[in-house]
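[1] mind folding the following:
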Amino acid sequence: MKAIVLKDFGSTDNLQMKEIPVPTIKDNEVLIEVKAISINPVDVKTRTGKGAAARIKDDRPMILGWDISGIITQVGSSVSGFKKNDEVFGMINFPGHGKAYAEYVAAPAGQLAVKPKKISFEEAAAATLAALTAWEVAEALNIQPGERFLVHAAAGGVGHFAVQIAKYFGAYVIGTASAANKDFVLNLGADEFVDYKAQPLDEVLSNIDKVLDTIGGENIDLSLKLMKPGGTILSLPSGRNEQVKEKAEAKGMKGMHLMVHSSGENQQKIATLMEKGIIKPHISQIFSFDEMKAAHLQIESGRTVGKIIVRL
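    You can find the predicted model right below:
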């Protein structure tokens, strides 16, 4: 099979198309013929030696990626609930070695969900790591109806799912992004939009119950200024959020961070919400498998709206 192997950590030039053996599945796994792959910022970070690099560096061949959709071609002897030819999607072995950049992927059955029939392979692949993260954020923050919930970078991969899921939970959602993405964020269901470049957020926002911070660093300090006493901020791993708990507690608030983990149970919840039309992934661009380097460069630009997909 064809796979894109990471020769070593570094630039996109280290992503190389190679022929390697089709993986052998374990009893609890299925073999998936991959139809679409979602590319995330963690893919880029890992490629450069950060992100999940420490977890995969000794496992060769190094193959990046975690988000896939496709068709089951083999089923392990202890697997129940899935059969050959089922169309499935999921985030595989995160934060370990997912090996998603390949024509075939061995995946633990417990990390998958059946793809709704009316959802494309591309849409399904898009609703994996980012959607699962947004779902886990909403659960960790215990989002309640009527709460003022601030989503930073609301036009991004996690952000655009977080807006939709928070609305599903009944929150009053405020999304920040650049002016060019105002209509996009409001069309996701946000109740209020703030152009973070136009003026300081602390001049236009206050009384926030809960915050999703996808940026870290100084953005944590800024967010705390906007929050109610006793409010909660959740900062996603970015290498710049280590002090969120301490900073929040110093101001009488609660700070936490979260790293998503593979979960077929939560993936099925996402599938149900997609099937009902409650959440919908936004795909800004689709690349072919041999355009993986270009897909990485697009993510690396930091200006992606929604999700980037690679189609096989």
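
[2] which residues of the stretch 201-312 of the chain fall in helices?
    Per DSSP state H, counting those that start in this stretch, the stretch 201-312 of the chain carries helices over the ranges 218-226, 244-250, 264-275, 292-300.

[3] so which of the ones you listed is nearest Ala113?
    Between Ala113 and the helices of the stretch 201-312 of the chain, the shortest separation by C-beta to C-beta is 4.0 Å, and it involves helix 264-275. Using the backbone N, CA and C atoms, a C-beta is placed for each residue, glycine as well.

[4] pull out the buried residues from that closest one.
    Of all the residues in helix 264-275, those buried under the rule 16 or more other C-beta atoms under 10 Å are 264, 266-267, 269-271, 273-274.

[5] for those, could you give me CSV that also reports distance to Ala131?
    Output for the buried residues of helix 264-275, formatted as CSV (distance: C-beta to C-beta, whole Å):
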residue, distance to Ala131
Gly264, 14
Asn266, 9
Gln267, 8
Lys269, 9
Ile270, 5
Ala271, 10
Leu273, 9
Met274, 8
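
[6] hmm, back to that, looking at the helices of the stretch 201-312 of the chain, spot the one closest to Lys2.
    Taking C-beta to C-beta, helix 292-300 is the member of the helices of the stretch 201-312 of the chain nearest to Lys2, at 11.0 Å.

[7] excluding its backbone neighbours, what's nearest Gln111?
    Ser262 (4.2 Å; C-beta to C-beta, 6 or more residues apart in numbering).

[8] residues near the one you found, how many?
    Look at Ser262: counted by other C-beta atoms under 10 Å, it has 23 neighbours.

[9] what sits against it?
    66, 90-94, 108, 111 (C-beta atoms under 8 Å, 6 or more residues apart in numbering).

[10] which members of those residues are positioned in helices?
    Using DSSP state H, no member of these falls in helices.

[11] which of these sits closest to Ile56?
    Nearest to Ile56 out of those is Asn93 (C-beta to C-beta; 9.7 Å).

[12] mind listing what the closest one touches?
    Asn93 makes contacts with 66, 99, 107-108, 111, 262, as judged by C-beta under 8 Å, 6+ apart.

[13] for it, give me phi and psi.
    Torsion angles at Asn93 (phi, psi; degrees, to the nearest 10) stand at phi 60, psi 30.

[14] try Val79
    With angles defined as degrees, to the nearest 10, Val79 sits at phi -90, psi 130.
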